[in-house]
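**Q** Return a 3D structure for these sequence lines:
(one chain, ligands or ions: 2)
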Amino acid sequence: MEAATFSAARPQMRFSVSNHKLSWPRAKSMSVSCHSNGELPNFDKPPSQALGVLSSCSADKSIAISGGLYLLSPAQKRNPAGQTFCAASAAGYTHVENLVESHTDTTEDRVGVLLLNLGGPETLHDVQPFLFNLFADPDIIRLPRLFRFLQRPLAQLISVLRAPKSKEGYAAIGGGSPLRKITDEQADAIKMALEAKGMPVNVYVGMRYWYPFTEEAIHQIKRDRITRLVVLPLYPQFSISTTGSSLRVLQNIFSEDAYLSRLPVSIIQSWYQREGYIKAMADLIRKELEQFTKPEEVMIFFSAHGVPVSYVEDAGDPYKDQMEECIYLIMQELKARGFDNDHTLAYQSRVGPVKWLKPYTDEVLVELGQKGVKSLLAVPVSFVSEHIETLEEIDMEYKHLALESGIENWGRVPALGCTSTFITDLADAVIEALPSAKAIYTSKSTSQEADYDPLSYAIKMFFGSILAFVLLLSPKMILAFRNHVF
Ligand SMILES: C=CC1=C(C)c2cc3[nH]c(cc4nc(cc5[nH]c(cc1n2)c(C)c5CCC(=O)O)C(CCC(=O)O)=C4C)c(C)c3C=C
Ligand SMILES: [Fe+2]
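**A** Ligands and ions are numbered 1, 2, ... in the order given. Below you'll find the predicted structure:
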């Protein structure tokens, strides 16, 4: 097994970021190329300030890259084609081989589109290691720098505590997440839509916490000798915890690789304001509204995945603003079509003992029932595919709660999936972003020494685990982890 080969150098690099906005009072059009002059990456800032600036951060990369691989058996480290995609060191560090060291101007143009998504466990057996990968992500559990060495022991502990509740949820939706299958279908549909528009592309799927991992997708991009790349996260709104986290993985891989650092790349950081997406959402809502006997009396209930309040208030996550803007645009579109329904936004799926964005979906449902609302249409607004949060949490838990609280007529808008207006719009987003793809310039470091010392790592793991157990094994914490919190 190889030890880590990360250098502590901070390369200079440049990513191109596209952001296409519709009319919204607070929205500004943006299409920028950001430059980094060796500053540390700052996903703690809104993307307008921080995204597109991808430079190396040695403190984070061991966690971010290895997070996806820890606990996997050698067999699991292979993609379905049987190729080893990353070699994990004893410490869980990864090293992406330099398969292609350079591409020249004479190379034929081969466009790649990299879809980023969260990933989900495919079987119940995958649930705990999937949860480990999620909680080992420093963009999901944000520990102060001093306590970063606790990230992995904490992730281990929390994933074990959370696994039984998660397994129940996945068991209820057929024993695993449908996210991989749906994302693959979306990838095929985007490829076909782009081909139909005269742009042949290879589309890759890179998941953050389960197969196919982002590292695998990048490996394949290198094998295919892609010459221009568009990165398209499948999250309409940007959050540090979703798109930000996946971009951090890319940042870590790209900063270490000669080929990737020269590859022209364009990142579409968010697309909640795109006309095609807004119209596709309005189409789905209209269709479901018309299923009710009295559509005009239905309250449209937008339910978004929450994030901890500290992300928005302390770290400047634009997620909440973008969510509100997105809902404003959807409602404007519905109004233009003659639908003047009441609507509300609440946040679901909170986990852990911290404050999350309010209002909480479960609390609002009860309040609405008490206020006499009789018909309600739930709209999952932060996802574009069905998964545990829609199929189990909304369709089972929230529906049950709503009916119990006095709501009589319940409906739910399906996730966009492969809806043709939506896929066409994503294809357009790729076409629009491609011209601004820019190479990432990096001053490749000559020093390849690893910042990994097995003894100090073992000592930290040992004491960290003890501390984590002492801190976390209070009855209140365990309860928080086991139930809807963690
Ligand atoms: C916009 C989408 C999402 C945000 C923001 C987000 C933040 C976030 N999530 C957790 C913890 C968990 N998320 C889990 C599943 C899950 N999360 C999203 C999307 C967002 N998460 C999706 C699409 C899924 C489902 C994946 C699938 O299996 O299909 C889970 C596991 C399920 C469970 O046990 O409830 C956890 C845990 C945190 C802590 C967080 C922000 C900090
Ligand atoms: Fe989540």
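
**Q** residues from the stretch 251-400 of the chain in reach of ligand 1?
**A** Contact residues, the stretch 251-400 of the chain versus ligand 1 (C-beta under 6 Å from any ligand atom): H305, V307, P308, V351, S382, F383, H387, I388, E389. In short, each C-beta sits where N, CA and C put it, glycine included.

**Q** Checking my notes, the fourth one in a strand, right?
**A** So the one you mean is V351. No. Checked against DSSP: H, G, I helix; E, B strand; the rest coil, V351 lies outside a strand; its state is coil.

**Q** ok, it to P414 distance?
**A** V351 is 24 Å from P414, where distance means C-beta to C-beta, to the nearest Å.

**Q** do the same with the last one
**A** Counting by C-beta to C-beta, the gap between E389 and P414 amounts to 13 Å.

**Q** ok, now the first one?
**A** Using C-beta to C-beta, one obtains 16 Å as the distance from H305 to P414.

**Q** Between these two, which is the more surrounded one?
**A** Neighbour count, other C-beta atoms under 10 Å: between H305 and P414, H305 has more, with 25 against 14.

**Q** Can you tell me the closest non-neighbouring residue to the more buried one?
**A** S382 (4.5 Å; C-beta to C-beta, 6 or more residues apart in numbering).

**Q** ok so, going back, farthest-separated two in the residues of the stretch 251-400 of the chain next to ligand 1?
**A** Using C-beta to C-beta, those reach their maximum pairwise distance at P308 and H387, which is 20.4 Å.

**Q** And the pLDDT for whichever residue of the stretch 251-400 of the chain sits closest to ligand 1?
**A** Going by C-beta to the nearest ligand atom, ligand 1 is nearest to H387 of the stretch 251-400 of the chain, at 2.9 Å. For H387, the pLDDT comes out at 94.

**Q** repeat for T106
**A** At T106, pLDDT is 54.

**Q** from now on call the first residue 46
**A** Happy to do that; since the first residue is 46 now, the last one works out to T151.

**Q** Torsion angles phi and psi at Y256?
**A** phi -70, psi 150 (degrees, to the nearest 10).

**Q** now do N162
**A** phi -150, psi 180.

**Q** what about it, distance to I203?
**A** 22 Å.

**Q** Next: L188.
**A** L188 is 12 Å from I203, by C-beta to C-beta.

**Q** so how many other residues sit close to R197?
**A** Counted with other C-beta under 10 Å, R197 comes out at 26.

**Q** rewinding a little: which one's more surrounded, N162 and I203?
**A** N162 (29 against 25).

**Q** Please look at that one and Y254 and confirm they touch.
**A** No. The pair N162 and Y254 does not pass the contact test of C-beta atoms under 8 Å, sitting 9.5 Å apart.

**Q** And E153, how close does it get to A303?
**A** 20 Å.

**Q** Of the two, which one has the most company?
**A** A count of neighbours by other C-beta under 10 Å puts A303 above the other of E153 and A303, at 13 against 7.
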